[in-house]
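Colleague: heads up, no residue letters with this:
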């Protein structure tokens, strides 16, 4: 991951590691999110077409963001297939009840368009 991202000033994405059938996200809690959010992970091909998707709360709801505390580091491993033609991931957090996305910013404070963070797949 070349750029880190911060969501709503609460969750910072520190690292992403890609495997054949899983993606690992390392998060730091900057302040308690206060509620349970769902992470969406979309897999895109070279043309930007969505070829895979996995929306889920961390640990399949076993340890939701509403329980995370300030300074906590959380490693969230997602089972998701990355086909050979996968070129990037599109991720973000949202409130499942309202559909509202958490605002996403780059490390230097610039907003990500549509609160979506892109991660290139080498």
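Modeller: Alright, I've got the coordinates. Everything numeric here is computed off the predicted structure, so don't read it as measured data.

Colleague: hey, let's count contacts and neighbours off CA atoms from now on
Modeller: OK.

Colleague: Low-confidence ranges, this protein, go.
Modeller: Along the chain, segments meeting pLDDT under 70 span 1-3.

Colleague: which residue ranges form the strands in it?
Modeller: With DSSP state E as the criterion, the chain has strands at 5-7, 11-18, 22-29, 38-45, 50-56, 73-79, 86-94, 104-106, 117-120.

Colleague: Need the winner for burial among those.
Modeller: For the strands of the chain, ranked by mean neighbour count under the definition mean count of other Cα atoms under 10 Å, the leader is strand 5-7 at a mean of 26.

Colleague: neighbouring contacts of it?
Modeller: Strand 5-7 has contacts (Cα atoms under 8 Å, 6 or more residues apart in numbering) with 12, 13, 14, 93, 102, 103, 104, 105, 106, 107, 117.

Colleague: Distance to residue 23 added to these, as a markdown table?
Modeller: What follows is those, written out as a markdown table (distance: Cα to Cα, whole Å):
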| residue | distance to residue 23 |
| --- | --- |
| 12 | 16 |
| 13 | 13 |
| 14 | 13 |
| 93 | 16 |
| 102 | 21 |
| 103 | 22 |
| 104 | 19 |
| 105 | 21 |
| 106 | 20 |
| 107 | 21 |
| 117 | 15 |
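
Colleague: Cool, thanks, signing off.
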